[in-house]
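[1] show me how the following folds:
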Amino acid sequence: MAVARRRRLVLIGPAVALALLVVAAALFLRRDDSPPDAFTNRSPLPSCGTVTAGAGSQCLTAAMGTGAGAELTVTSVTTEGDPIVAYYRAVPGQPGLEVFTDSTKDKFSGTGWSYARCPQASGIDSLGSCSEKNL
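    Next up, the predicted model:
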C-alpha cells in the first residue's frame, strides 16, 4: 500500500510542478498593454507635441512658468530598440511635474505603466525628488 501511494506522489509531484510553471509563465507573459485609468482619465491639457529624447521642451517649461498647464510626450528607445513613452505634465495649480510612463512595449521591463509626482521639477531634465508608483 505504501509503495502504491509513493508512486502516486511521484507522478503527482511533476504534474503539479508543471501546472504551476504554466500558470506562472501565463501570468508573466500576459501583459495588459492598455493604459491604466489614472492615465486615460487624466484631465486634458494643451499639447506641447511629441518629441524624441534629447529634443527641447521649451513649451512645457513656459507652461510651468505661467501656470497655464501643458503636456509633452517624449519617446525614447531602449538599447534593444523598444520604445518607452513618457508624458510630462505641468498641471495648473500644482508645483513641478507629473509623469506617466508607458513601458508596455519594452520586452525586458516588468513595469508596464508607472506614475511619478515631481513637485521640485523645473523641467524634464531636472525632476528633483519624485514619488513613484506602478499603475
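
[2] for D125, which non-adjacent residue is closest in space?
    Leaving out its chain neighbours, the residue that sits closest to D125 by CB to CB, 6 or more residues apart in numbering is S57, at 7.9 Å. C-beta: built from backbone N, CA, C; applies to glycine.

[3] next one: S131
    R117 (5.1 Å).

[4] quick one: the helices in this protein?
    2-29, 37-40, 58-66 (DSSP state H).

[5] and the pLDDT at the residue nearest to S131?
    Note for R117: predicted pLDDT of 98.

[6] so it bridges to which residues?
    E98, S131 (DSSP bridges).

[7] ok, how many other residues are close to R117?
    Using other CB atoms under 10 Å, R117 has 17 other residues around it.

[8] who does the residue nearest to the spatial centre of the chain bridge with?
    Taking CA atoms, centre = their mean as the criterion, W113 is the residue nearest the geometric centre of the chain, at 2.3 Å. When bridges are called by DSSP bridges, W113 pairs up with D102.

[9] what sits against it?
    Applying CB atoms under 8 Å, 6 or more residues apart in numbering, one finds that W113 lies in contact with 35-36, 39, 100-104, 134-135.
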